[in-house]
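> need the 3D shape of this:
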Amino acid sequence: MQWEIVIGIETHAQLSTRSKIFSGASTAYGATPNTQACEVDLALPGVLPVLNVGAVERAIKLGLAVEGKINSPSIFARKNYFYPDLPKGYQISQFELPIIAGGHLKIQIGETEKTIRLTRAHLEEDAGKSLHKDFHGMSGIDLNRSGTPLLEIVTEPDIRSSAEAVAYAKKLHSLVRWIGICDGNMQEGSFRCDANVSVRPKGSDTLGTRCEIKNLNSFRFLEKAIDYEARRQIEIIEDGGTIQQETRLYDADKNETRTMRSKGDAHDYRYFPDPDLLPVEISDEWIEGVKANLPELPEARRDRYVAEFDLSDYDATNLTSSRELADYFENTVKQIPAQVKLCANWVMGEVSGRLNKEDMEITDSPINPAQLAALLTRISDNTISGNTAKDVFDSMWQGESDGNADAIIEAKGLKQISDSGEIEKLIDDVLAANEQQVADYRNGKEKAFNSLVGQVMKATRGKANPAQVNTILKEKLS
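Next up, the predicted model:
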């Protein structure tokens, strides 16, 4: 029997406010345990929550970016459950009236574009953290994260493979960083995904029993966890068993999911409106104000690159994979506007390749857009060849001559030989020394031509203008 995987993703994006969602305590990462938890976070008697307007504004930004409906009013509710790192015995979240309803994100899978529908996005507070290491039979509780503002973004069950799940997660990750509502740091827990996975026979419209895999904090773990869980469920069903609805954890060391607890339904949490928080009213003027301050969104920027710069969809999509990369590319183009394609090729090629190799962000690149443009100018005006430019790029990356391309070219004597008289003399010498290859070429052996070009380039230590070498050599051999 052929099976279809059905996946929905719940993403917790930590909002980039300096203080928590209902208190003035800091959200800074890495503090000593329990030093960033105030009376509200600790749920001391008599304290009252006060909503952080910055968290609401960041939620509105996402709603506009995904073309969702911004609900006014939206209502905070109490989600009741017991866990040691939840001091109040309930979590303040949103249920019936979340701040954002609907919306969508488009993902690219190979040549195919697919739309993933969003169910909702709601504001809530994070819980604390249970610590199990180094306590010898006990657990410690760190409440620094308690009350940290989260936006939980929930998809419809539209995803059909781990590849689609990763594409969606990467697209959302890029978007929340692009609009400045979340730093996206997965290692610090700022962006983490829960995957709801079920399987059903292909062609069936009935959803299978889902299992939720919690707190996946890398795209690779998301992919591996989904693949494992789908195989596990298929094997159970094919062996005559049934799937139990439950919450599971992914063990990266063993590459497997394992049971954490039975999965509760909404009614198990006894949601009811929080009596300490008023409904959140969001005016049209507020929404318009937030909209006016949104940056140009990724899809609009991609379309502009295609129309304004005549780039392919593939190039434009790659260059807008992050706002920082897009800014780097555009700032390079501003310096050398006649060479857009050359700029695109180098940003996607040499620059991105080196960053990936050294596990660096574009914002950490030792070569800034103006320096890269200066290098590309020397390619476009035939001062150096493309191959020589790669050597200059390496030197710039290492900080030689303060990243000044012209200084490196001058110091290393890398200027391209473009004097046609000098190149012609060099070619004559090569032809005279390689009579057999000349004869081979004239007898139809095309490879002999490449060998002769190589001899000329070797004689000039790669500094001869390749285009001129090819043109003059062909004229002499014809």
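
> for the stretch 101-250 of the chain, just list every one of the strands.
104-109, 112-125, 129-131, 140-142, 149-155, 191-201, 211-216, 246-251 (DSSP state E, counting those that start in this stretch).

> of all those strands, which one is nearest residue 473?
Closest approach to residue 473 among the strands of the stretch 101-250 of the chain is made by strand 104-109 (43.3 Å; CB to CB). Just so you know, the C-beta spots here come from the backbone N, C-alpha and C atoms, and that holds for glycine as well.

> what mean pLDDT does the closest one get?
Mean per-residue pLDDT for strand 104-109: 93.

> got the angle between that strand and strand 112-125?
Angle of strand 104-109 versus strand 112-125, following axes from the mean of the first three to the mean of the last three CA atoms, to 10 degrees, is 130 degrees.

> that older thread, least reliable of the strands of the stretch 101-250 of the chain going by mean pLDDT?
Note on the strands of the stretch 101-250 of the chain: strand 129-131 shows the lowest mean pLDDT, a mean of 89.

> picking up where we left off before, out of the strands of the stretch 101-250 of the chain, which comes closest to residue 421?
Per CB to CB, nearest to residue 421 of these: strand 104-109, 51.4 Å.

> so what's residue 286 closest to, chain neighbours aside?
The shortest distance from residue 286 to any non-neighbouring residue, by CB to CB, 6 or more residues apart in numbering, is to residue 60 (7.3 Å).

> these two touch, right, the one you found and residue 71?
No - taking contacts as CB atoms under 8 Å, residue 60 lies outside contact range of residue 71: 10.5 Å.

> which neighbours do these two share?
Counting by CB atoms under 8 Å, 6 or more residues apart in numbering, the contacts common to residue 60 and residue 71 are 99, 282.

> give the buried residues for stretch 278-286.
Neighbour counts over stretch 278-286 (16 or more other CB atoms under 10 Å) mark 280, 282, 286 as buried.

> typed the wrong thing, it's stretch 237-246
So stretch 237-246, judged by 16+ other CB under 10 Å, has buried residues 237, 243, 246.

> can you tell me the distance between the two ends of it?
Using CA to CA, to the nearest Å, one end of stretch 237-246 lies 16 Å from the other.

> just to revisit the earlier point, between the strands of the stretch 101-250 of the chain, which gets nearest to residue 355?
That would be strand 191-201 among the strands of the stretch 101-250 of the chain, by CB to CB, at 19.9 Å.

> that closest one: partners in the sheet, and parallel or antiparallel?
In the sheet, strand 191-201 lines up against strand 3-14 (antiparallel), strand 211-216 (antiparallel) (DSSP bridges).

> and the last one with strand 246-251, angle?
Using the same axes, to 10 degrees, the direction of strand 211-216 lies 40 degrees away from that of strand 246-251.

> and the helices in the stretch 201-350 of the chain?
Applying DSSP state H, counting those that start in this stretch to the stretch 201-350 of the chain gives helices spanning 219-238, 284-292, 298-309, 313-319, 323-335, 340-346.

> now swap in the stretch 351-478 of the chain and tell me
Counting by DSSP H, counting those that start in this stretch, the helices of the stretch 351-478 of the chain are 352-357, 369-380, 386-397, 405-411, 420-433, 435-442, 447-459, 466-477.

> how about CSV for the ones you listed, with mean pLDDT and mean neighbour count added?
Converted to CSV, those look like this (pLDDT from 0 to 100; neighbours: other CB atoms under 10 Å):
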stretch, mean pLDDT, mean neighbour count
helix 352-357, 95, 13
helix 369-380, 96, 20
helix 386-397, 94, 18
helix 405-411, 94, 18
helix 420-433, 81, 15
helix 435-442, 80, 14
helix 447-459, 81, 16
helix 466-477, 81, 15
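
> in CSV, list the strands of the stretch 101-250 of the chain along with distance to residue 344.
Shown next, in CSV, are the strands of the stretch 101-250 of the chain (distance: least, CB to CB, whole Å):
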stretch, distance to residue 344
strand 104-109, 18
strand 112-125, 21
strand 129-131, 43
strand 140-142, 46
strand 149-155, 31
strand 191-201, 28
strand 211-216, 33
strand 246-251, 37
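
> of all those strands, which one comes closest to residue 304?
Comparing the strands of the stretch 101-250 of the chain by CB to CB, strand 104-109 comes nearest, at 16.3 Å.

> what's the closest one packed up against?
strand 112-125, helix 162-178 (3 or more CB pairs under 8 Å, 6 or more residues apart in numbering; DSSP states H and E).

> so where's the stretch 1-150 of the chain uncertain?
Along the stretch 1-150 of the chain, segments meeting pLDDT under 70 span 1.

> run through the helices of it in chain order.
Using DSSP H, counting those that start in this stretch, helices in the stretch 1-150 of the chain cover 39-42, 53-65.

> could the helices and strands packed on strand 104-109 be laid out in a markdown table, adding mean neighbour count and distance to residue 273?
Shown next, in a markdown table, are these (neighbours: other CB atoms under 10 Å; distance: least, CB to CB, whole Å):
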| stretch | mean neighbour count | distance to residue 273 |
| --- | --- | --- |
| strand 112-125 | 19 | 14 |
| helix 162-178 | 21 | 28 |
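
> closest one to residue 77 among these?
Here strand 112-125 is closest among these (CB to CB), at 9.3 Å.

> quick one: list the elements packing against the closest one.
So strand 112-125, by 3+ CB pairs under 8 Å, 6+ apart, packs with helix 53-65, strand 90-94, strand 100-101, strand 104-109, strand 149-155, helix 162-178.

> in a markdown table: those, plus distance to residue 261.
Output for the helices and strands packed on strand 112-125, formatted as a markdown table (distance: least, CB to CB, whole Å):
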| stretch | distance to residue 261 |
| --- | --- |
| helix 53-65 | 28 |
| strand 90-94 | 16 |
| strand 100-101 | 28 |
| strand 104-109 | 30 |
| strand 149-155 | 19 |
| helix 162-178 | 23 |
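
> stretch 213-231: which residues count as buried?
Per 16+ other CB under 10 Å, stretch 213-231 contains these buried residues: 213-214, 216-217, 219, 221-230.

> dump the C-alpha coordinates for that stretch into PDB.
The C-alpha trace of stretch 213-231 is given here as PDB (Å, rounded to 0.1, in the frame of the first residue of the first chain):
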ATOM      1  CA  ILE A 213       7.300  15.900  17.800                       C
ATOM      2  CA  LYS A 214       8.300  18.700  20.200                       C
ATOM      3  CA  ASN A 215      11.000  21.400  20.200                       C
ATOM      4  CA  LEU A 216      12.900  20.700  17.000                       C
ATOM      5  CA  ASN A 217      15.600  23.400  16.900                       C
ATOM      6  CA  SER A 218      17.400  22.700  13.700                       C
ATOM      7  CA  PHE A 219      16.200  22.200  10.100                       C
ATOM      8  CA  ARG A 220      18.200  18.900   9.900                       C
ATOM      9  CA  PHE A 221      16.600  17.500  13.000                       C
ATOM     10  CA  LEU A 222      13.100  18.600  11.600                       C
ATOM     11  CA  GLU A 223      13.700  16.600   8.500                       C
ATOM     12  CA  LYS A 224      15.200  13.500  10.200                       C
ATOM     13  CA  ALA A 225      12.500  13.400  12.900                       C
ATOM     14  CA  ILE A 226       9.600  13.600  10.400                       C
ATOM     15  CA  ASP A 227      11.200  10.800   8.200                       C
ATOM     16  CA  TYR A 228      11.700   8.600  11.200                       C
ATOM     17  CA  GLU A 229       8.200   9.200  12.600                       C
ATOM     18  CA  ALA A 230       6.500   8.500   9.300                       C
ATOM     19  CA  ARG A 231       8.300   5.200   8.900                       C
END
